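**Q** no sequence on this one, just coordinates:
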């Protein structure tokens, strides 16, 4: 019998959402990025992006910082260590499906 | 600027659902499998599995055959060529995210 590597419940649903997966991958590549940059890269809306960033922040996969630059507020996002670990784990579990 | 490889809309949502991804991967490995075998492997219910198999059948990614064995009806599932191509494409797009 099998080793249950087809157990899809191991795949982290917080990361698996297509848009959140894109956010996580973007943050992994760029370390710290501005809200508007993510929005452009992902071709999405303010409202939609905010919802998904909040969801990632709630589980502490990302950190959201608001800072002023030239007196204008800017929102910066970055991965936490917990987020990095979760992403690594996510990829490992996903590869179990794909590598077959 | 970027090559828009963070465009998550390229990821096929029909395959990306965790359970359907598991079904597709299982079919890729075993060629033709019985409904009950999928159900066991994925630890899911008849109703839930049926819904997702139907969705994959609707887009012609899988073929569902009902055959009688020892006078009992059995349901067999297999990937179509279209399903194989879609899965390959899905993995390629996903790797664009992950390989960074």
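**A** Good, I have the coordinates. Keep in mind that what you see is a predicted model, and the values were worked out from it rather than measured.
**Q** hey, let's count contacts and neighbours off CA atoms from now on
**A** Will do.
**Q** can you give me the end-to-end span of stretch A:36-50?
**A** Chord length of stretch A:36-50, first to last residue, is 11 Å (Cα to Cα, to the nearest Å).
**Q** in the host helix or strand of residue A:54, which residues are buried?
**A** Residue A:54 belongs to helix A:46-58 when assigned by DSSP states H and E. Neighbour counts over helix A:46-58 (16 or more other Cα atoms under 10 Å in any protein chain shown) mark A:49, A:52-53, A:55-57 as buried.
**Q** what about residue A:42, how many residues nearby?
**A** By other Cα atoms under 10 Å in any protein chain shown, 20 other residues sit near residue A:42.
**Q** wait, it touches residue A:21, no?
**A** No - Residue A:42 is beyond contact range of residue A:21, at 10.8 Å (criterion: Cα atoms under 8 Å).
**Q** can you pull the residues that touch both of those two?
**A** Residues touching both residue A:42 and residue A:21 (Cα atoms under 8 Å, 6 or more residues apart in numbering or on different chains): residue B:8.
**Q** need phi/psi at residue A:71.
**A** phi 60, psi 10 (degrees, to the nearest 10).
**Q** need the pLDDT of it.
**A** We have a pLDDT of 92 for residue A:71.
**Q** show me which positions of the lengthiest helix in chain A end up buried.
**A** With secondary structure taken from DSSP state H, chain A has its longest helix at helix A:81-98. For helix A:81-98, the neighbour count (16+ other Cα under 10 Å) marks A:83-84, A:86-87, A:90-91, A:93-94, A:97-98 as buried.
**Q** mind giving me the packing neighbours of it?
**A** helix B:18-30 (3 or more Cα pairs under 8 Å, 6 or more residues apart in numbering or on different chains; DSSP states H and E).
**Q** quick one: residues contacting the residue nearest the centre of chain A.
**A** The centre of chain A sits closest to residue A:24, judged by Cα atoms, centre = their mean, with a distance of 2.6 Å. For residue A:24, the contact set (Cα under 8 Å, 6+ apart) comprises A:15, A:79, A:87.
**Q** ok, residue A:6 next?
**A** Shown in contact with residue A:6 (Cα under 8 Å, 6+ apart): A:96-97, B:22, B:25-26, B:41-42.
**Q** lowest-confidence one in those residues?
**A** Among those, residue A:97 carries the weakest pLDDT, at 75.
**Q** go ahead and confirm it touches residue B:25.
**A** Yes - counting by Cα under 8 Å, residue A:97 touches residue B:25, with 6.0 Å between them.
**Q** including distance to residue A:10, could the contacts of residue A:6 go into a markdown table?
**A** Shown next, in a markdown table, are the contacts of residue A:6 (distance: Cα to Cα, whole Å):
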| residue | distance to residue A:10 |
| --- | --- |
| A:96 | 10 |
| A:97 | 11 |
| B:22 | 11 |
| B:25 | 15 |
| B:26 | 15 |
| B:41 | 13 |
| B:42 | 11 |
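**Q** run through the residues of chain A sitting next to chain B.
**A** By Cα under 8 Å from any Cα of the partner chain, the residues of chain A that approach chain B are A:2, A:4, A:6-9, A:11, A:16, A:18-19, A:21-22, A:25-26, A:29, A:41-43, A:91, A:97-98, A:100.
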